[in-house]
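Visitor: Need a 3D model of the sequence below.
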Amino acid sequence: MIKQHLLPNGTRLIYEKMEHVRSVAMGVWVDTGSVRETAENAGASHLIEHMVFKGTERRDAEQIAIEMDAIGGNINAYTSKENTCFYAKVLDEHLDVVSDVLSDITFHSVFDPEELKKEQGVVLEEILMNEDSPEDLSGEESNMLFFGDEALASPILGSKESVRAFTRESLLAYKNEFYVPNNIVVSVAGNFEEQALIDSVTKWFDIPASPRATEPILQRFPGGKREKLVEKDVEQVHICMTLPGFARDSEGQYPLAVLSNIFGGSMSSRLFQSIREKLGLAYSVYSYPTSYTGTGTLTLYAGTGEKQAKEVLNRMMDEMERIRKEGITKEEFNRSRDQLKGSYLLGMESSSARMNALGKTLLLQKREYSEQETLRRIECVTMDDIERILPVCFDRNNASIALVGRVKKQEAALLKAIR
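Guide: Alright, predicted model coming up:
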């Protein structure tokens, strides 16, 4: 059973007991990500995520690592467009330790100026690494094209200029604005005693209450067709197409998940069978949906040889047009929906997966979903639902397409295939 508890300072605790495991997974979810940033402080959320592991008032970086290693646990963090999460997994007997360490790095990091300089260098290398990965670059470029001047276009890593410009004071100012109890969810899943959990989290997360809370960010896409060709001396041409999707917790979210499975989300999907299995034009070809609080996307990707790029692009466009006009078959629908249910259930067998689902859902959707309710939402998807969303998701007039590779010499042919 999923339960919630509100701490005196306004921090929300959500938890689910799993008596059949020996682990406890805990996450600290903060309502800030790249959508909260400006051009001047772009990358702040991500750089803070790095800096919290560099030492606190009670532990230096080495002590944090040693303390977690000593109990066989693991600790990590990530930053997304909409949130930042610090998480760890330990044996159930070490619940209080993980609560202590996670609260310590989240709220009591010292942000040493020398460590900040080092970490700025690490993030700059991360940006360069992203630029050197044509698959990642095509996805980033396509996303930026799709969202234009909207906040969701902002890269999570920030820019080289913004990362270099951060000082201890500017980074702490950003952190102090968003790392307040009203913007935080602590999620826990695993084997624990309920009162011991509440007591531990209440003790270690006893930070001053604050009236501040983040305001919702308007999320939308401007609409229209956009394309960008990025010349890069690599062996493949990387094609990434971003199309309209649906917001998290909207009526279209689960129908789109089923549709994406049919189109490019599995080995039996249309893109995989057509482009890879039957024609051998690409090793990697797939699609996936992304849902944000206020909007969403459907992304198509293929990596192929320079000579095959135009044909792969044509095939992707043809498959889009065919499914938009002809719809899907009953067999495809049943297979995809069953696959989605199976993937969900298998993924939720671990305490980490359950902790992630609880924290993210409560932080961003302000509510909880049980396993049974999620399965019901998948099972309630109908073929009529798919038919309704097809014109929206496969609208070529709202497609943003980025191509990365040796593309300039065949620019005219590629643009013709797109248009």
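Visitor: If we go by neighbour counts, what in the longest helix anywhere in the chain is buried?
Guide: Ranked by residue count, the top helix of the chain under DSSP state H comes out as helix 113-132. Of the residues in helix 113-132, E115, L116, E119, Q120, V123, L124, E126, I127 count as buried by neighbour count, 16 or more other Cβ atoms under 10 Å. Every C-beta, even on glycine, is put in place using the N, C-alpha and C of the backbone.
Visitor: Give me the most central residue, this structure.
Guide: Geometric centre of the chain, nearest residue: S80, 5.2 Å, by Cα atoms, centre = their mean.
Visitor: Was I right to think it contacts V35?
Guide: No: under the criterion of Cβ atoms under 8 Å, S80 is not in contact with V35, lying 9.2 Å apart.
Visitor: what about the strands in the stretch 151-300 of the chain?
Guide: 184-190, 226-231, 236-244, 282-291, 296-305 (DSSP state E, counting those that start in this stretch).
Visitor: chain center to the last one, what's the gap?
Guide: Remark: strand 296-305 is offset 16 Å from the chain centroid, using Cα atoms, centre = their mean, to the nearest Å.
Visitor: Low-confidence regions, this structure specifically.
Guide: Applying pLDDT under 70 to the chain flags no residue at all.
Visitor: returning to that earlier point: of all the strands of the stretch 151-300 of the chain, which one comes closest to P391?
Guide: strand 236-244 (10.0 Å; Cβ to Cβ).
Visitor: Which neighbouring elements make contact with that closest one?
Guide: Counting contacts by 3 or more Cβ pairs under 8 Å, 6 or more residues apart in numbering; DSSP states H and E, strand 236-244 is packed against helix 134-147, strand 296-305, helix 309-326, helix 383-393, strand 400-405.
Visitor: before we move on, the earlier item: when you compare where the longest helix of the chain runs with where strand 226-231 runs, what's the angle?
Guide: With axes from the mean of the first three to the mean of the last three Cα atoms, to 10 degrees defining the directions, helix 113-132 sits at 100 degrees from strand 226-231.
Visitor: Also compute the angle for helix 113-132 relative to helix 134-147, please.
Guide: If you take the same axes, to 10 degrees, helix 113-132 sits at 90 degrees to helix 134-147.
Visitor: Tell me if I'm right that Y254 and R377 touch.
Guide: Yes: applying Cβ under 8 Å as the test, Y254 and R377 come out as touching, 5.2 Å apart.
Visitor: Could you check which of these two is surrounded by more residues?
Guide: Y254 (21 against 16; other Cβ atoms under 10 Å).
Visitor: ok, now how distant is that one from I207?
Guide: Note on Y254: its distance to I207, by Cβ to Cβ, to the nearest Å, is 37 Å.
Visitor: and if you look at A42?
Guide: Applying Cβ to Cβ to A42 and I207 gives a distance of 27 Å.
Visitor: So the two - more neighbours on which side?
Guide: Remark: of A42 and I207, A42 carries more neighbours, 21 against 18, as counted by other Cβ under 10 Å.
Visitor: Can you classify that one by secondary structure?
Guide: coil (DSSP: H, G, I helix; E, B strand; the rest coil).
Visitor: Please verify my assumption that it contacts K160.
Guide: No: checked against Cβ under 8 Å, the pair A42 and K160 is beyond contact range at 10.2 Å.
Visitor: Okay, domains of this structure per the record?
Guide: Per automatic domain parsing, the structural domains of the chain span 2-204, 226-418.
Visitor: Turn the ones you listed into a markdown table, columns for distance to P211.
Guide: Below are the domains of the chain laid out as a markdown table (distance: least, Cβ to Cβ, whole Å):
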| stretch | distance to P211 |
| --- | --- |
| domain 2-204 | 8 |
| domain 226-418 | 18 |
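Visitor: quick one: which of the ones you listed is nearest I217?
Guide: Nearest of the domains of the chain (Cβ to Cβ): domain 2-204, 5.0 Å.
Visitor: now for that closest one, what's the gap between its first and last residues?
Guide: 22 Å (Cα to Cα, to the nearest Å).
Visitor: For stretch 248-265, report the contacting residues that lie outside it.
Guide: Applying Cβ atoms under 8 Å, 6 or more residues apart in numbering, the contact partners of stretch 248-265 are 245-247, 269-272, 285-289, 291-293, 296, 298, 300, 319, 323, 328, 332-333, 336-337, 339-340, 364-365, 377-378, 380-381, 385-386, 388-390, 392-393.
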